[in-house]
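Visitor: pasting the structure only:
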């Protein structure tokens, strides 16, 4: 016969079992936050250059090469690093990168303003000459905060500018500091001034690059809609609605995925998929209209199920190519916007099946990334095994980290 004391001990032990099981389950889950922090530390270790308050696109921190204009920051990629750090802090409720982001803005809002610091370091290294003094004076004289190119993170590529606008607007929302909103508004004006009479924002200002493309215009929708949400100014919403109307008229969404340019067929780069969905979600946030969210969910469903960018195991896949520098960043951007849409659907308690599909892609992709062998301490381009190509650089590292943060 069981005594009362023995029964109580047994009951207490049984009561503990669910808690132990839950703790073990939590411990078994990947630590996405630690993976992101460690990965950003590696990115800084290899690429960050304090003299210019930015990263360079190759290892070695070659100040001489940068001063001679042979090595530069991976400009649009750096914007995505800024956005990734803001997203991570918002999701993890930390402030570990705030000071760094302020440093980047101050050091680059007038591009080249940190050249004297770079020159000081080169002098200390004994890598300076009188000819360099003359070159420094010329470069410094050319700096002008009134110039469009080189100030407020604007240049001749409108998609480059857009990435910075979206990133600094996010940091403004985080800090409420007006300087970051000022940058986002200046970039928006720069993009709006490059709206073509035939419709759509030009990819670039160079004569042979005036055609519009998907990424530039999807980012313009995102930036315009979010600026309206933040400022309540109607003209920003007008631009967002005008740009999404042009994208639809140009048939960038063909029923299965988002093509790169008007007239293309089936060239589904992952970042185009994410950014287009991001524009629809941003319009929902700006207007409160459920129809925009419903459309985003419908488009996302076809992308996940029919475009070929998601493998059967749920891992994101760049099906078109592994060639080129830019392609290394694309999948992380797609993951970012999938995550934004998933969270928005959950807040609205809408389309739970779509949110589940997106969450599966995010978890599968981030889980695959953390299992990958790292080349020179960097995450590689391909997230599936076996890879088609073994490539590791700034973009592949950052893309992986964006995906990991998106799984938080």
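Guide: Noted; the coordinates are in hand. Just so you know, these numbers come straight off a predicted model, no measurement behind them.
Visitor: confidence score at residue 24?
Guide: Per-residue confidence (pLDDT) for residue 24: 41.
Visitor: Check residue 375 too.
Guide: Note on residue 375: pLDDT of 73.
Visitor: Count the residues that sit near it.
Guide: Residue 375: 15 surrounding residues under other Cβ atoms under 10 Å. Every residue, glycine included, has its C-beta placed from N, CA and C.
Visitor: before we move on, what about the one 4 residues further on?
Guide: Burial measure for residue 379: 28 neighbouring residues, criterion other Cβ under 10 Å.
Visitor: end-to-end on stretch 153-162?
Guide: Its first and final residues considered, stretch 153-162 spans 9 Å by Cα to Cα, to the nearest Å.
Visitor: So for that stretch, what gets flagged as buried?
Guide: Residues 153, 154, 155, 156, 157, 158, 159, 160, 161, 162 are the ones in stretch 153-162 that count as buried (16 or more other Cβ atoms under 10 Å).
Visitor: contacting residues around stretch 201-212?
Guide: Identification of contacts with stretch 201-212 by Cβ atoms under 8 Å, 6 or more residues apart in numbering yields 156-159, 191-192, 194-196, 199-200, 213, 216-217, 220, 243, 246, 250, 261-262.
Visitor: again, only this time at 6 Å
Guide: Residues from elsewhere that reach stretch 201-212, judged by Cβ atoms under 6 Å, 6 or more residues apart in numbering: 156, 157, 158, 191, 194, 195, 196, 200, 213, 216, 217, 220.
Visitor: Equivalent analysis for stretch 59-68, please.
Guide: With Cβ under 6 Å, 6+ apart as the test, stretch 59-68 has contacts from 46, 49, 71, 118, 121, 122, 127.
Visitor: now stretch 238-254
Guide: So stretch 238-254 is in contact with 199-200, 214, 217, 220-221, 224-225, 258-259, 262, 279, 283, going by Cβ under 6 Å, 6+ apart.
Visitor: how about a cut-off of 8 Å?
Guide: 188, 192, 199-201, 212, 214, 217-218, 220-221, 224-225, 228, 258-259, 261-262, 265-266, 272, 276, 279-280, 282-283, 286, 299.
Visitor: Equivalent analysis for stretch 171-182, please.
Guide: Contacts of stretch 171-182 (Cβ under 8 Å, 6+ apart): 82, 86, 89-90, 98, 101, 105, 109, 152, 168-169, 184, 230-231.
Visitor: mind listing what's buried in that stretch?
Guide: By 16+ other Cβ under 10 Å, the buried positions in stretch 171-182 come out as 171, 172, 173, 174, 175, 180, 181.
Visitor: Kindly report the same for stretch 358-365.
Guide: If you call a residue buried by 16+ other Cβ under 10 Å, then stretch 358-365 has these buried ones: 358, 359, 361, 362, 363, 364, 365.
Visitor: want to throw those residues into TSV with pLDDT and distance to residue 334?
Guide: Putting the buried residues of stretch 358-365 into TSV (pLDDT from 0 to 100; distance: Cβ to Cβ, whole Å) gives the following:
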residue	pLDDT	distance to residue 334
358	98	10
359	98	14
361	98	9
362	98	10
363	97	15
364	98	13
365	98	9
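Visitor: Nearest to residue 75 among those?
Guide: residue 365 (25.6 Å; Cβ to Cβ).
Visitor: So which elements touch the helix or strand containing the closest one?
Guide: Per DSSP states H and E: residue 365 is located in helix 352-370. With contacts taken as 3 or more Cβ pairs under 8 Å, 6 or more residues apart in numbering; DSSP states H and E, helix 352-370 sits against helix 290-306, helix 330-348, helix 394-406.
Visitor: Nearest to residue 147, out of those?
Guide: Residue 147 lies closest, by Cβ to Cβ, to one member of those: helix 394-406, at 27.0 Å.
Visitor: Now render the buried residues of stretch 153-162 as a markdown table, adding secondary structure, pLDDT and distance to residue 207.
Guide: Shown next, in a markdown table, are these (DSSP: H, G, I helix; E, B strand; the rest coil; pLDDT from 0 to 100; distance: Cβ to Cβ, whole Å):
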| residue | secondary structure | pLDDT | distance to residue 207 |
| --- | --- | --- | --- |
| 153 | coil | 98 | 23 |
| 154 | coil | 98 | 19 |
| 155 | coil | 97 | 16 |
| 156 | coil | 97 | 11 |
| 157 | strand | 98 | 14 |
| 158 | helix | 98 | 14 |
| 159 | helix | 98 | 17 |
| 160 | helix | 98 | 18 |
| 161 | helix | 98 | 18 |
| 162 | helix | 98 | 20 |
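Visitor: Nearest residue to residue 355 in space, please, no chain neighbours.
Guide: Once flanking residues are discounted, residue 355 sits nearest to residue 345: 4.3 Å by Cβ to Cβ, 6 or more residues apart in numbering.
Visitor: State the distance from the one you found to residue 284.
Guide: According to Cβ to Cβ, to the nearest Å, residue 345 stands 10 Å off from residue 284.
Visitor: Common neighbours of the two, please.
Guide: Common neighbours of residue 345 and residue 284 (Cβ under 8 Å, 6+ apart) are residue 293.
Visitor: if we can go back for a sec, from the contacts of stretch 171-182, keep the buried residues only.
Guide: By 16+ other Cβ under 10 Å, the contacts of stretch 171-182 give 82, 86, 89, 101, 105, 109, 152, 168, 169, 184, 230 as buried.
Visitor: Can you tell me the centre-most residue of the protein?
Guide: With distances taken as Cα atoms, centre = their mean, the residue of the chain nearest its centroid is residue 80 (3.9 Å).
Visitor: Identify the residues contacting it.
Guide: Residue 80 is in contact with 163, 167, 329, 332, 333, 398, 402, counting by Cβ under 8 Å, 6+ apart.
Visitor: before we move on, back to that, out of the buried ones among the contacts of stretch 171-182, name the two that are farthest from one another.
Guide: Of all the pairs that the buried ones among the contacts of stretch 171-182 form, the one spanning the most space (Cβ to Cβ) is 89 and 152, at 23.0 Å.
Visitor: What about residue 112, how many residues nearby?
Guide: Residue 112 sits with 16 neighbouring residues when counted by other Cβ under 10 Å.
Visitor: Contacts only, for it.
Guide: Residue 112 neighbours (Cβ under 8 Å, 6+ apart): 139, 140, 142, 143, 150.
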